[in-house]
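Student: Following is a predicted model, sequence given first.
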Amino acid sequence: MSATLELAAGVSGSLGSIGYGLAAIGPGIGVGIVFGNGTQALARQPEAAGLIRANQILGFAFCEALALIGIVMPFVFGK
């Protein structure tokens with residue numbers, strides 16, 4: 001147990017940046033899913049390209065909003 005505490009005490013970087021790194025994993029996966037499924041949808045039904053592209057952009061914007069919230073939170077709750 002004390003070795004874990006010594007290791008945690010040795011972290012000299014900003015914990016906010018570590019938290020943001022972890023928070024960016026979710027939106028990164030989400031963006032991959034949005035564009036992967038959008039590409040499949042375009043391949044299956046090319047005549048609906050306008051609607052599919054609009055939904056892709058909307059999904060991308062929501063995923064990136066989560067990433068921006070993740071980068072702001074360390075500043076909001078920081079000491």
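Tutor: Perfect, thanks for sending it.

Student: State which helix of the protein is the longest.
Tutor: Assignment by DSSP state H gives helix 49-77 as the longest helix of the chain.

Student: just how off-centre is it within its chain?
Tutor: 8 Å (C-alpha atoms, centre = their mean, to the nearest Å).

Student: Kindly report the same for stretch 23-31.
Tutor: Distance, centroid of stretch 23-31 to centroid of chain: 3 Å (C-alpha atoms, centre = their mean).

Student: For A48, report the pLDDT, please.
Tutor: Per-residue pLDDT puts A48 at 95.

Student: ok, it - contacts?
Tutor: By C-beta atoms under 8 Å, 6 or more residues apart in numbering, A48 lies in contact with A41. Heads up, the C-betas are built off the backbone N, CA and C, glycines and all.

Student: That one and Q40: what is the separation?
Tutor: 12 Å (C-beta to C-beta, to the nearest Å).

Student: Skipping its backbone neighbours, what lies nearest the spatially most central residue of the chain in space?
Tutor: Among the residues of the chain, P27 comes closest to the average C-alpha position under C-alpha atoms, centre = their mean, at 2.1 Å. Once flanking residues are discounted, P27 sits nearest to A67: 4.0 Å by C-beta to C-beta, 6 or more residues apart in numbering.
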